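Asks: return a 3D structure for these sequence lines:
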Amino acid sequence: MPKKKQPHATGRDEEPQDVEPAGMYESGSGLSPSASGELTDGSGCRWAKKRGPLDPRLVKRLVGSADEMIVGDGAGEVLRPVAPEARQAEWARIKDRLDSPDLGTFQGYEFRSGEGRTLLYVEEFC
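Replies: Residues are numbered from 1 along each chain as shown. Just a heads-up that it's a prediction; the model follows:
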């Protein structure tokens, strides 16, 4: 029988990072992605706005099915990627905002890449 491989012990600085740093996505014109209609990611892939603002039920569906998800502020200055395992928690936070008008609101937008990948962009307004 072949010997089992020993698990590789990783140091703290060797742990993989699931979430890309803020600023990985940029709106070409400096406007919010919803206004400019396009995004470029760190690898140079361009995303074009397909539709939005979206109905909250469609946003909820895209939280689980979109290839990528980012959240940004209304000015489009800070765009934060959301890792797949964090999407349901992010949806719960967004839903809390929907249920409480005192906390601000959000709008969802669907973007597509040239390769047909889907990006959910959630823009928050405080």
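Asks: what's the average pLDDT for the longest helix along the chain?
Replies: Counting by DSSP state H, the longest helix found in the chain is helix 87-99. Averaged across helix 87-99, the pLDDT comes to 85.
Asks: on contacts alone, who are the packing partners of it?
Replies: If you count contacts as 3 or more Cβ pairs under 8 Å, 6 or more residues apart in numbering; DSSP states H and E, helix 87-99 packs onto helix 56-65, strand 68-73, strand 105-113, strand 118-125. From N, CA and C alone the C-beta is placed, and that goes for glycine too.
Asks: 7 Å - rerun?
Replies: Secondary-structure packing of helix 87-99 (3 or more Cβ pairs under 7 Å, 6 or more residues apart in numbering; DSSP states H and E): helix 56-65, strand 105-113.
Asks: ok and it relative to strand 68-73, angle-wise?
Replies: Angle, helix 87-99 to strand 68-73, by axes from the mean of the first three to the mean of the last three Cα atoms, to 10 degrees: 40 degrees.
Asks: what residues sit buried inside helix 87-99?
Replies: Applying a neighbour-count criterion of 16 or more other Cβ atoms under 10 Å, one finds 87, 90-91, 94, 97 buried in helix 87-99.
Asks: can I get the residues you listed in TSV with distance to L58?
Replies: Output for the buried residues of helix 87-99, formatted as TSV (distance: Cβ to Cβ, whole Å):
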residue	distance to L58
R87	15
E90	16
W91	12
I94	13
R97	17
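Asks: nearest to F125, of these?
Replies: Minimum distance to F125 across those is 9.2 Å, recorded for R97 (Cβ to Cβ).
Asks: the closest one and R61, how far apart?
Replies: 18 Å (Cβ to Cβ, to the nearest Å).
Asks: touching the lowest-mean-pLDDT helix or strand in the chain from outside, list them.
Replies: Least confident helix or strand of the chain, by mean pLDDT, DSSP states H and E, is helix 87-99 with a mean of 85. Residues outside helix 87-99 that contact it (Cβ atoms under 7 Å, 6 or more residues apart in numbering): 56, 60, 63-64, 69, 71, 82, 103-106, 122.
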